[in-house]
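Colleague: After the sequence you'll find the predicted model.
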Amino acid sequence: MGIAPLEPVAGTAGETFSGATAAVDAALLDGLWQACDAATWGLDRAEFERILIRAGSAQSLGFPDGTTPAPRQPPAASQPAEFFRGLRLDDLVLAHACAAGNERAWERFIALYRQPLTRAAIATTRSETLGRELADQLYAELYGLAERGGQRRSPLESYKGRGSLLGWLRTTLAQRHVDHLRRNRHEQPIEDLDAAAPDSPPQTLPAELAALQRALEAALAARGAEERFLLAAYYLDGQTLLAIARILRVHEATVSRKLRRALKEIRKQVLRHLQMQGLSRRAAEEALGVDPRDLDVNLKKLLQQSQTGAFPEKAPS
Amino acid sequence: MNSNLQPAAHFDSHPDAEILNAFAEQALREHERTPILAHLAVCSRCRQIVALAQEAAELEDVAPAQVPSAQPAVRSRPSWFRNWFRNWRVAWLPVAALVCLVTLTVVVNVRHFEKASGSAKSAPPAQQQAMTVQQQAATVPQARQAGVPAAPVPAGKRAISPRRHAPPSPQALAEAAFSAQPATVPAQEPASSAMPAPGAAAPLHGSLYSTEASAWRQQEARATTAQKRALPANEQPVWAAAGSAGAAPDRRLDMESPAPAPARPAGVAANAAVTSSPVFAPRLTPPAPLPSGLARVSTASIGRRMVAIDSAGAVFLSLDGGAHWEPVARQWSGQAVSVRVRISSAAPQSAPESSSLAAPQPAALQSDFVVENDKGEAWTSSDGRTWAPK
């Protein structure tokens, strides 16, 4: 059960598994077909299978990168089946039926998501006018008013069912809004926290400050992804513990505890690095007590330089 | 804003909305989640997107409650309520412990109460009389009034010591006496039903927890003890005896009936002997079953005269406190469903002209049985045999 080589799948490059052809196991496809009732929205089995394959190939079937099952090789485990069963199939077929122009699907979509979409846009922009404008524009795009290559294209085609359709709509709205703000930063400078840190002219730093800077860089670079996310969200973005907790789906106290532990570890590692650079313990502790204004350390830069390279950020043009 | 809200194609290196949404909804696996977290740690744009989407989702959860729905009965609780409890989840533990403690306490007390009540029922009448706290409560103040030292009260009975009760009001004494049901409740009935809530079981049990009771209480409060004694000895209402004795004859009522006032008129103290007289003995024993063999649904008594209605609506009369029953000829329409005692004030007797200067006699009290049928119509009788429409 899972992905099995069967026949070529029409699609763009990257939509097939490792460039090979694949198909969903017939029994699994039957079960998924029954579960989501795709025929209601005018999708036939071939179209449904194509949607599934596209969703699976875009996300490597949930396999870690580089471990996608080789072409013409049966999957080693039931992970593909689990992956497909974990998709929001109802939302997936509805979104693709809407993208295909099914009128009944659009009626359903409007009934389910039109008002939530507007409310989410208003909540995102914190403005009734901007929110309605943003929602209307996205709605027009979803309806396929924009054309690309002579064909109407709907962003709903890019929905792959990993999360809920409503969540995808909210995230898309937030994406549009943030990009708009970042493009118009000079008009609405509300993101001073995210302003690119200007490169300060090189200064002659005292030895202790230079050692402290190196120690901080090393300590921050050693932190894990989650701790760096917590530090950035809390100290750079100024998000509350509750907001971070909601993103990570953990309790507020857990976020607080992890932050405290991260700070404690960073302090410990900075002290260790300072001592390794020749400072005594007392001098190292005194170095930690320097006025931050005397320290030419840009924490934002440090955190952003400690990236893993999974999604290297490009500055918006 | 229109042209500025186009999708940013140059953000291809960022995770798309699908992945960010899946991350926020915890739909990613661990090996997928870690790179996203690492990216979020360094990318303020994506952090902002996730935070804004999450904020919109939180507001969306609240919004449906504000939109009028077709089912107004199903409303979500306000956000402050949920937030308060979300932040105080830990408080449920002590609350649950407190609820368990209270429940345990109530259960233990109810069992203790049932045990005490059961022992009172099973004890011989003579022993019960000896154990009756009301008698002690009545005799102690009387003895004090007469200058006789009071007999020591056994330690076991101090739990219901008269000192813990307020002096009785006439209403309380009358309620205790006229709530004839406790003495006539079958032994198999649970204790909880033996002590009905005020107003709950009044129509079926002839209790004075009824609408007429309040009117009677006002009159009774004005009545004198001498007028109570004016009734014939065999028809003397129990409340008179109980009032003079200081408490109702039933132990279950002892728990609620207050102890008598220390100062009692001499005539009332003399009536205290009635308490230990055989008048109360039959009431401590379950009454005989009705001749129809059916269960009694309503009972009322005036002194030892009792009227009962069985489940078929037949009415029976007993002149000896329920030991023997005789059927009463049907003199009403419909089916009798309840019987109770009504206390009314009789017209004052006209005083002779020679004594016109004497103090006016207060209104005397008259007690009648009242039978109600299933249509709410009522018939009254002073003796339980002859009934007239009310």
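Modeller: That came in fine, so what should we check first? Residues are numbered from 1 along each chain as shown, chains lettered A, B, ... in the order given.

Colleague: Mind listing what's buried along the host helix or strand of B:Ser345?
Modeller: In the assignment (DSSP states H and E), B:Ser345 maps to strand B:336-346. For strand B:336-346, the neighbour count (16 or more other Cβ atoms under 10 Å in any protein chain shown) marks B:Ala336, B:Val337, B:Ser338, B:Val339, B:Arg340, B:Val341, B:Arg342, B:Ile343, B:Ser345 as buried. In this view, the C-beta of every residue, glycine as well, is placed from N, C-alpha and C.

Colleague: Which residue ranges make up the domains of the chain?
Modeller: Since no chain was named, I'll use chain A. Domain assignment for chain A, taken from automatic domain parsing, gives A:3-63+A:78-87, A:106-183, A:207-305.

Colleague: oops, chain B please
Modeller: If you go by automatic domain parsing, chain B breaks into B:11-64, B:95-131.

Colleague: Indicate which one of the ones you listed is closest to chain A.
Modeller: domain B:11-64 (3.5 Å; Cβ to the nearest Cβ).

Colleague: which intervals of the chain have sub-threshold pLDDT?
Modeller: No chain specified, so I'll use chain A. The model of chain A has pLDDT under 70 over residues A:1-23, A:62-79, A:145-150, A:186-206, A:289-317.

Colleague: That was the other one, I meant chain B.
Modeller: Using pLDDT under 70, chain B drops low at B:1-12, B:61-90, B:118-286, B:346-364.

Colleague: Swap in 50 and give it another go.
Modeller: B:1-12, B:65, B:67-76, B:123-217, B:219-221, B:223-284, B:349-359 (pLDDT under 50).

Colleague: quick one, longest helix in it?
Modeller: Among the elements of chain B assigned as helix by DSSP state H, the one spanning the most residues is helix B:92-122.

Colleague: Make JSON lines out of the domains of chain B and add distance to A:Ala210 and mean neighbour count.
Modeller: Output for those, formatted as JSON lines (distance: least, Cβ to Cβ, whole Å; neighbours: other Cβ atoms under 10 Å in any protein chain shown):
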{"stretch": "domain B:11-64", "distance to A:Ala210": "24", "mean neighbour count": "21"}
{"stretch": "domain B:95-131", "distance to A:Ala210": "57", "mean neighbour count": "12"}
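
Colleague: in the helix or strand encompassing A:Ile53, what's buried?
Modeller: In the assignment (DSSP H and E), A:Ile53 maps to helix A:45-58. For helix A:45-58, a neighbour-count test (16+ other Cβ under 10 Å) marks A:Glu47, A:Phe48, A:Glu49, A:Arg50, A:Ile51, A:Leu52, A:Ile53, A:Arg54, A:Ala55, A:Gly56, A:Ser57, A:Ala58 as buried.

Colleague: ok, what's across the strand from B:Glu372?
Modeller: Applying DSSP bridges to B:Glu372 gives these bridge partners: B:Ser338, B:Ala378.

Colleague: circling back: out of the domains of chain A, which is closest to B:Val370?
Modeller: Nearest to B:Val370, of all the domains of chain A, is domain A:106-183, at 63.7 Å by Cβ to Cβ.

Colleague: Can you classify the residue nearest to B:Ser382 when sequence neighbours are not counted by secondary structure?
Modeller: Using Cβ to Cβ, 6 or more residues apart in numbering or on different chains and skipping residues adjacent in sequence, the residue nearest B:Ser382 is B:Asp368, 5.1 Å away. Under DSSP: H, G, I helix; E, B strand; the rest coil, the three-state class of B:Asp368 is strand.

Colleague: dump the residue contacts of B:Asp368.
Modeller: B:Asp368 sits next to B:Val341, B:Arg342, B:Ser344, B:Thr380, B:Ser381, B:Ser382 when contact means Cβ atoms under 8 Å, 6 or more residues apart in numbering or on different chains.

Colleague: Those residues: which two are farthest apart?
Modeller: B:Ser344 and B:Ser381 (13.1 Å).

Colleague: if we can go back for a sec, in PDB, list the C-alpha atoms belonging to the strand holding B:Ser345.
Modeller: The C-alpha coordinates for strand B:336-346 follow below in PDB (Å, rounded to 0.1, in the frame of the first residue of the first chain):
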ATOM      1  CA  ALA B 336     -59.600  11.700  46.100                       C
ATOM      2  CA  VAL B 337     -55.900  12.300  45.900                       C
ATOM      3  CA  SER B 338     -54.900  14.100  49.000                       C
ATOM      4  CA  VAL B 339     -55.900  14.800  52.500                       C
ATOM      5  CA  ARG B 340     -54.700  17.400  54.800                       C
ATOM      6  CA  VAL B 341     -55.500  19.200  58.000                       C
ATOM      7  CA  ARG B 342     -56.800  22.700  57.900                       C
ATOM      8  CA  ILE B 343     -56.800  25.000  60.900                       C
ATOM      9  CA  SER B 344     -59.300  27.800  60.900                       C
ATOM     10  CA  SER B 345     -60.400  30.100  63.500                       C
ATOM     11  CA  ALA B 346     -63.900  29.500  64.800                       C
END
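
Colleague: for it, packing partners?
Modeller: helix B:170-178, helix B:202-205, helix B:211-222, strand B:296-302, strand B:305-310, strand B:364-373 (3 or more Cβ pairs under 8 Å, 6 or more residues apart in numbering or on different chains; DSSP states H and E).

Colleague: Just want the angle from it to strand B:305-310.
Modeller: Counting by axes from the mean of the first three to the mean of the last three Cα atoms, to 10 degrees, strand B:336-346 lies at 150 degrees to strand B:305-310.

Colleague: Next, the angle from strand B:336-346 to strand B:296-302.
Modeller: 20 degrees.

Colleague: relative to strand B:364-373, how tilted is strand B:336-346?
Modeller: Using the same axes, to 10 degrees: strand B:336-346 against strand B:364-373 is 160 degrees.

Colleague: circling back to that earlier point, can you tell me if the longest helix of chain B touches chain A.
Modeller: No - judged by Cβ under 8 Å from any Cβ of the partner chain, helix B:92-122 and chain A are separated, with a smallest distance of 14.6 Å.

Colleague: Quick check: which helices or strands does that helix pack against?
Modeller: helix B:191-194, helix B:251-254.

Colleague: Quick one: the strands in chain A, in order.
Modeller: A:3-4, A:23-24, A:147-148, A:151-152 (DSSP state E).

Colleague: quick revisit: with the buried residues of helix A:45-58 in mind, which one is nearest to B:Val50?
Modeller: A:Ala58 (19.9 Å).

Colleague: What is the neighbour count of the closest residue to the closest one other than its chain neighbours?
Modeller: Leaving aside its chain neighbours, A:Ala58 sits nearest to A:Lys160 (5.6 Å; criterion: Cβ to Cβ, 6+ apart). Using other Cβ atoms under 10 Å in any protein chain shown, A:Lys160 has 24 neighbouring residues.

Colleague: One more: the one 5 residues further on?
Modeller: Neighbourhood size, A:Leu165 [other Cβ under 10 Å]: 21.

Colleague: Could you report the distance from it to chain B?
Modeller: 9 Å (Cβ to the nearest Cβ, to the nearest Å).

Colleague: for A:Asp30, same thing?
Modeller: A:Asp30 is 24 Å from chain B, by Cβ to the nearest Cβ.

Colleague: B:Ser381: what's it in contact with?
Modeller: B:Val307, B:Asp368, B:Phe369, B:Val371, B:Trp387, B:Ala388.

Colleague: same thing but 6 Å
Modeller: Each residue near B:Ser381 by Cβ atoms under 6 Å, 6 or more residues apart in numbering or on different chains is listed here: B:Phe369, B:Trp387.

Colleague: phi, psi of it?
Modeller: phi -160, psi 140 (degrees, to the nearest 10).

Colleague: do you know how far the closest residue to A:Ala39 other than its chain neighbours is from chain B?
Modeller: For A:Ala39, ignoring the flanking residues on the chain, the nearest one in space by Cβ to Cβ, 6+ apart is A:Trp33 at 7.8 Å. Distance, A:Trp33 to chain B, by Cβ to the nearest Cβ: 22 Å.
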